[in-house]
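# Show me the folded form of this:
(2 chains)
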Number of protein chains: 2
Amino acid sequence: MTSPLAVHLGPQTPDPVVRAVEGAGGRLVAVEEARAVVWVGDAASFTEAFGERGAGLPPTVEWVQLPSAGIESWFSAGIVDEDRVWTSAVGAYGSAVAEHAVALLLAGVRGLGRAARARSWDNGAAAEGQVSLRGATVAVLGAGGIGALTIPVLNALGARVIAVTRSGREVPGAAECLPAAETTTIFERADHVIVAAPATAETAALVGAAELAALGPQGWVVNIARGSLVDTEALVEALRDGRIGGAALDVTDPEPLPDGHPLWADPRVIITPHSANPPSLQTPALAERIGENVRRFAAGEELLGRVDPGAGY
Amino acid sequence: MTSPLAVHLGPQTPDPVVRAVEGAGGRLVAVEEARAVVWVGDAASFTEAFGERGAGLPPTVEWVQLPSAGIESWFSAGIVDEDRVWTSAVGAYGSAVAEHAVALLLAGVRGLGRAARARSWDNGAAAEGQVSLRGATVAVLGAGGIGALTIPVLNALGARVIAVTRSGREVPGAAECLPAAETTTIFERADHVIVAAPATAETAALVGAAELAALGPQGWVVNIARGSLVDTEALVEALRDGRIGGAALDVTDPEPLPDGHPLWADPRVIITPHSANPPSLQTPALAERIGENVRRFAAGEELLGRVDPGAGY
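Residues are numbered from 1 along each chain as shown, chains lettered A, B, ... in the order given. The predicted structure follows:
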């Protein structure tokens, strides 16, 4: 029997993380005895504990697991070195956002936004305009990390997925893979669209008047990426003219969406205030990732989210 | 090459059904030439077309597909005979209801009911109390037809399913299978529950005060079966005392839920007015079933929903 992996956990010690480390065969120890450090805190707390650039971290520590997906602040504090392995939590929080995207799309097509606002039993109004994802074609714009995680769920619901990436590369589980440049084809062929692409100069107002018109009068737009990807004015007009079924948005432009904006009042619109990845879901997601990496480290397997100190991410 | 199956479709001829019959290799013909009849209408329209007890149906018709899941009215009109094969649409409409159940549960745990009612951007309020189905345990009470259809979707979302049936028999895809009699264990072990069991004397008020208390303060109750399965008074009290996370109900007791009932005003409650299987979704579901049965009949395979004239269903 090999001895359990000695892990130092700090400065916070959330229960789910403790359970994940121990469940993966790790043993919590003081940093002086540790082969691995799992840090649940920010870069400032790291330098507070281990000095500038983390120079006081014992050389016996072979691996440091950081808690966030983006680790720019750790690089700019000079903490990430080439003497040991560093891992970020990149990708660990995607499943919560993917779940939110599917929840928004289902709520949209099944009329739950309208239902939640009702104060009276009206079967006729509730049934009106309902469509199903079963047999529907859903385009996932940006079928990388988060977008890709929606695909197995959409397939289980009986939908057919068009995965859209910059290159149009093969994406597992997608019925069709198209490059982002074929925007018109994508919106003509899709019944609904999930916007999950990164915000870049190229993707600004990716969903505009022409795309919404092509989607069709029962089509739903879900945006869990960034507000800038959807042209808000075009969306308001498309709703006004009945050119789409509705929109379910976790991000808006402008954000926060001001009080009194027409999108607040529309029963075919569901807005969540950038809450697809709330704090309550981050600790369990981080714990899941940490457990997996502790298991992998102990087994000598490749770690998830390994940082390239030269590349800066 | 075999000749296409001659099918008579009437009295309604919805486009999706026409496409399904033809897509499955059928050819639409007058009833005199037909080997199969697909009836999209009620029992009264059948006797109108073919006389009392459907006695005027040509003897060359070997198979009749009926449009509904329950076919009591066809039996009481004396139409179903032993001279040919009859099929009902039993089970064909389940996927729409199963989709609705998952939509309600996701909307509940991700706070979409509260979000749909908001008229102002409030990230803190939206994040509060959100939980994920990922890693959660969901009990499906009545894991027969409709309940069973939720299981692959729940699994794709990363949930663990306890399938509850009267006998506790094995249900594909479930992590655990328990008999309905073990109600307390089920509610203690589950994070959320989907009520999908038939309404019988045994299942009346199946979900009462004790069960709700066992579910826990973040637990959601979804009911897509019949209102009588959930004790409404106990539900209102559990919500008032914060003993559960919320409830998403397609059916209520009483039904319709009267205006002014406390459930209408509670932001942790989502009510859809018995609209899980709206007319807009029935024609596509029926078309899918008919296409499959036309294909099976032509191939000499067993038909779905075959009626037992002796048993009366």
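# now A:A116: how far from B:P258?
When Cβ to Cβ, to the nearest Å is the yardstick, A:A116 and B:P258 sit 18 Å from each other. C-beta coordinates here come from the backbone N, C-alpha and C atoms, glycine included.
# the more surrounded of the two?
Neighbours per residue, other Cβ atoms under 10 Å in any protein chain shown: of A:A116 and B:P258, the larger number sits with A:A116, 23 against 12.
# which helices and strands sit right next to the worst-scoring helix or strand of chain A on mean pLDDT?
Across the helices and strands of chain A, the lowest-confidence element by mean pLDDT, DSSP states H and E is helix A:123-127, at a mean of 87. Using 3 or more Cβ pairs under 8 Å, 6 or more residues apart in numbering or on different chains; DSSP states H and E as the contact criterion, the neighbours of helix A:123-127 among helices and strands are helix A:112-117.
# how about 10 Å then?
For helix A:123-127, the elements it packs on are helix A:112-117, helix B:279-299, judged by 3 or more Cβ pairs under 10 Å, 6 or more residues apart in numbering or on different chains; DSSP states H and E.
# Please point out which parts of the shortest one sit buried.
Put plainly, it is helix A:112-117. Residues A:L112, A:G113, A:R114, A:A115, A:A116 are the ones in helix A:112-117 that count as buried (16 or more other Cβ atoms under 10 Å in any protein chain shown).
# Could you export these as JSON lines, including pLDDT and distance to chain B?
Formatted as JSON lines, the entries for the buried residues of helix A:112-117 read as follows, by pLDDT from 0 to 100; distance: Cβ to the nearest Cβ, whole Å:
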{"residue": "A:L112", "pLDDT": "97", "distance to chain B": "5"}
{"residue": "A:G113", "pLDDT": "97", "distance to chain B": "4"}
{"residue": "A:R114", "pLDDT": "96", "distance to chain B": "8"}
{"residue": "A:A115", "pLDDT": "96", "distance to chain B": "5"}
{"residue": "A:A116", "pLDDT": "96", "distance to chain B": "4"}
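# which one among these gets closest to B:T252?
Checking the buried residues of helix A:112-117 against B:T252 with Cβ to Cβ, the nearest one is A:A115 at 12.5 Å.
# Can you name the residues that contact that closest one?
Contact partners of A:A115, counting by Cβ atoms under 10 Å, 6 or more residues apart in numbering or on different chains, are A:107, A:122, A:125-126, A:267, B:104, B:107, B:113, B:116, B:248, B:250, B:270-273, B:275.
# Just the buried ones among those residues, please.
For those, a neighbour count by 16+ other Cβ under 10 Å gives the buried set as A:107, A:125-126, B:104, B:107, B:113, B:116, B:248, B:250, B:270-273, B:275.
# Mind putting those into TSV with secondary structure and distance to A:R296?
Formatted as TSV, the entries for those read as follows, by DSSP: H, G, I helix; E, B strand; the rest coil; distance: Cβ to Cβ, whole Å:
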residue	secondary structure	distance to A:R296
A:A107	helix	36
A:A125	helix	52
A:A126	helix	48
B:L104	helix	37
B:A107	helix	35
B:G113	helix	39
B:A116	helix	41
B:A248	strand	38
B:D250	coil	43
B:I270	strand	40
B:I271	strand	46
B:T272	coil	44
B:P273	coil	50
B:S275	coil	47
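# got those residues as JSON lines, with distance to A:L235 columns?
Below are the buried ones among the contacts of A:A115 laid out as JSON lines (distance: Cβ to Cβ, whole Å):
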{"residue": "A:A107", "distance to A:L235": "17"}
{"residue": "A:A125", "distance to A:L235": "23"}
{"residue": "A:A126", "distance to A:L235": "24"}
{"residue": "B:L104", "distance to A:L235": "26"}
{"residue": "B:A107", "distance to A:L235": "21"}
{"residue": "B:G113", "distance to A:L235": "23"}
{"residue": "B:A116", "distance to A:L235": "17"}
{"residue": "B:A248", "distance to A:L235": "27"}
{"residue": "B:D250", "distance to A:L235": "29"}
{"residue": "B:I270", "distance to A:L235": "24"}
{"residue": "B:I271", "distance to A:L235": "28"}
{"residue": "B:T272", "distance to A:L235": "25"}
{"residue": "B:P273", "distance to A:L235": "28"}
{"residue": "B:S275", "distance to A:L235": "26"}
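# Return the member of these nearest to B:A20.
For these, the nearest to B:A20 is B:S275 (24.2 Å; Cβ to Cβ).
# so the closest one sits right up against A:G111, yeah?
Yes. Under the criterion of Cβ atoms under 10 Å, B:S275 makes contact with A:G111 at 7.1 Å.
# Touching both of those two, which residues are there?
Any residue near both B:S275 and A:G111 by Cβ under 10 Å, 6+ apart counts here, and that gives A:A125, A:A126, A:A127, A:E128, A:Q130, B:H100.
# so where do the strands sit in the stretch 101-250 of chain A?
A:137-141, A:160-165, A:176-179, A:192-195, A:220-223, A:246-249 (DSSP state E, counting those that start in this stretch).
# so where do the helices sit in chain A?
Counting by DSSP state H, residue ranges of the helices within chain A are A:15-23, A:43-50, A:72-76, A:94-109, A:112-117, A:123-127, A:145-156, A:183-189, A:209-215, A:232-240, A:262-265, A:279-299.
# Let me know the angle separating the fourth one from helix B:94-109.
Computed with axes from the mean of the first three to the mean of the last three Cα atoms, to 10 degrees, the direction of helix A:94-109 lies at 120 degrees from that of helix B:94-109.
# No more questions from me, cheers.
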